[in-house]
Every structure is written in C-alpha cells, then in structure tokens.
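>>> Generate a structure from the sequence data that follows.
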Amino acid sequence: MFLSKIIYKLFPKSVFIALRKIHRNILKSINSPLQEEEFRRILSDKLGVKSGSVVFIHASVDSMNIQFD
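Here you go, the predicted structure:
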C-alpha cells in the first residue's frame, strides 16, 4: 500500500491535503523547473516521439514544475 493511502486513512482529509501540498512544494524546491527544450528532448530522445506526431499529455501543469517561455 502506498504511503499516501495510509496517511489518507489515518488523518482527516484537510491534514492529508496540507501534507500533500507541503510534499509538492518540497519536490519543486529540490528539482529545477523543466525548460521547454529539455521537455522536447525527453519527448524525442527518451520517448521516441517523432516530429509531426500528436501527443496528448494528461497531467497537472502545477505539479509538473515547468517553466516555458
């Protein structure tokens, strides 16, 4: 069982949400923001997405820690 599920069961929902927000902020402070060029490199080199392909990404932009110009 994931630690988040245990915390969710043990604590009130408001505490869980506060802890999740703190966790996300810590991760953002540790990891530098993802630049647009680096994101393109990940898509092409690591995931093999070719130019002209259509990609659908379902994610929370806030939690991705991106910094596009």
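>>> Which positions in the longest helix belonging to the chain come out as buried?
Longest helix in the chain, counting residues (DSSP state H): helix 13-30. Residues of helix 13-30 classed as buried: residue 16 (neighbour count, 16 or more other CB atoms under 10 Å). C-beta: built from backbone N, CA, C; applies to glycine.
>>> Could you report the neighbour count for the residue nearest to residue 27 when sequence neighbours are not counted?
Nearest residue to residue 27, sequence neighbours excluded (CB to CB, 6 or more residues apart in numbering): residue 65, at 7.4 Å. Per other CB atoms under 10 Å, the neighbour tally for residue 65 reads 15.
>>> Who are the contact partners of residue 65?
27, 28, 31, 33, 34 (CB atoms under 8 Å, 6 or more residues apart in numbering).
>>> Please report the distance of the second one from residue 67.
Going back to what we said before, that points to residue 28. 11 Å (CB to CB, to the nearest Å).
>>> and what of the first one?
Counting by CB to CB, the separation of residue 27 from residue 67 is 15 Å.
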